[in-house]
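Peer 1: the following comprises the amino acid sequence and a computationally predicted model.
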Amino acid sequence: MDRRNLLKNSFALGGLTGLGAGAGQTATAQAARVPLIDRPPVLAPIRAHVDRIYDIKSCIRPFRTKGPNLGVEQIGDATVVHNYGHAGDGWTLSWGSADMQVQKAMSFGPKKVAVIGCGIIGLTSALTAQRAGAEVTIYTREMLQRTRSMRANGVWGPGIAALASEAPANLADICEQMCRISLKTYRFYTGLSGNPIAWCDHYDLSDTPFDAPPPPRAPLPSGEPAPVFFRMPEGRLADLTPKPEILAPNVNPFPAKYAARTSKMYFNFSEYGHLLVSDFFAAGGKVVMRDFHSPGELAHLPEKIIINCPGYAAHDWWRDKAMIPVRGQTEWLIPQPEVNYGVTYRNVQARSKSDGIMVIAVGDAQHAKSWNNSNERPDRAEAEGAVRVMEELFSRFTGVPA
């Protein structure tokens, strides 16, 4: 969300606290406008130091310029239902996309279904097909723990990725359907032991006003203009997440001049992934370790209804040239269970999860470097740079408003 939309959404909610106050108003008067239930609690600091980095994960997001491939095609006597190309939105869209594509697969009346791939899209497709009554076998090169899905950010963020010039006319409708189904499904995984899916407060911080003009978008390293992405119509998914609340200075717990707070849902990969895999096997699911090299190989599978969820592998295996690699990297600091929030500051985001403090560089400049970049080697310098932004922030942090 850019600064303009952040402020606009806050005004729409009527939840601004402390903005628009007259110059003569005192901090006490401003504080009286903030209900006690909406004041941030005392927060534990993130111990952001480079020597606490214990893991760096790099991956390729499977961006597809036309949006996800949800088509159906015939390979010999096998019917292939595609379900790939969700870019960085796979965790958000997984259950909704699975529901949509499994309905297509089950319309052929199969007793047995094959799923290609065991990332988050493949695994949720397999579980959804099981719940629809099919006997499911997953064919995969890697189990979930080793897929690119497990090297992602893992935060709920309603939206869908495509280039504005290539997005199909119904992409907004598809996105809305997927997001709403997914959110309802996540409700059943919230509050379970180990917190596979959890919510936390998230603070967006800025040294300049949120309504200040954003900086020019960074060009690509080649000098070409940055790509123009599809955007959901304003307000289309506004009811799915809490609106940002601008914090008045007297209740802002961070050493940054401007702060906004909202609540975000996120995924604890270890617990959530283990639960999904266990559910799949408990329902009689089978896994065959296999690497495919050409679409024609699917015609030789015993299952004749196949849900194809290969992620970025579709670029080479399915020869889908609409697939563009977008590099992503996360840094992981030693876990701090006492930290129960997330923060974004100077184009770096940090969030406490069960298996560590996840840190990731964000923003237009970072995306420009990541676009069409298939390098999956961890970059230690990038990791340390992101952590040092958080280190500087928390070196001035007191946990209570100044």
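Peer 2: Now that the structure is in, tell me what you want to look at. All of these numbers come straight from a predicted model, not from anything done at the bench.

Peer 1: tell me the spacing between R327 and A78.
Peer 2: Taking Cβ to Cβ, to the nearest Å as the measure, R327 falls 33 Å from A78. All C-beta atoms are positioned from the backbone trio N, CA, C, and that covers glycine.

Peer 1: averaged pLDDT, the helix or strand encompassing I324. What do you get?
Peer 2: For I324, the host element (DSSP states H and E) is strand 323-333. Across strand 323-333, pLDDT averages out at 97.

Peer 1: for stretch 50-58, same thing?
Peer 2: 97.

Peer 1: buried sites along it?
Peer 2: Residues of stretch 50-58 classed as buried under the neighbour-count rule (16 or more other Cβ atoms under 10 Å) are R52, I53, I56, K57, S58.

Peer 1: so how far is that stretch off the chain centroid?
Peer 2: What separates the centre of stretch 50-58 from the centre of its chain is 20 Å, taken as Cα atoms, centre = their mean, to the nearest Å.

Peer 1: thinking again about what came up before, tell me which two in the buried residues of stretch 50-58 are the farthest apart.
Peer 2: Farthest-apart pair in the buried residues of stretch 50-58 is R52 and S58; separation 18.8 Å (Cβ to Cβ).

Peer 1: list the residues that contact the spatially closest residue to S206 that is not a sequence neighbour.
Peer 2: The shortest distance from S206 to any non-neighbouring residue, by Cβ to Cβ, 6 or more residues apart in numbering, is to Y258 (4.4 Å). Contact analysis of Y258 by Cβ atoms under 8 Å, 6 or more residues apart in numbering lists L205, S206, D207, T208, P209, F210, I246, N252.

Peer 1: out of those, who's nearest G119?
Peer 2: Out of the contacts of Y258, the member with the shortest distance to G119 (by Cβ to Cβ) is L205, at 32.5 Å.

Peer 1: what number of residues are in the vicinity of the closest one?
Peer 2: Counted with other Cβ atoms under 10 Å, the neighbours of L205 add up to 18.

Peer 1: likewise D320?
Peer 2: Other residues near D320 number 20, with proximity taken as other Cβ under 10 Å.

Peer 1: so it touches R64, yeah?
Peer 2: Yes. The pair D320 / R64 is scored as a contact, 7.3 Å apart, by Cβ atoms under 8 Å.

Peer 1: could you name every residue contacting both of the two?
Peer 2: Counting by Cβ under 8 Å, 6+ apart, the contacts common to D320 and R64 are G85.

Peer 1: how about the contacts made by D55?
Peer 2: So D55 contacts E331, W332, G356 (Cβ under 8 Å, 6+ apart).

Peer 1: how does it look with 6 Å?
Peer 2: W332 (Cβ atoms under 6 Å, 6 or more residues apart in numbering).

Peer 1: any idea which element it lies in?
Peer 2: For D55, the host element (DSSP H and E) is strand 53-64.
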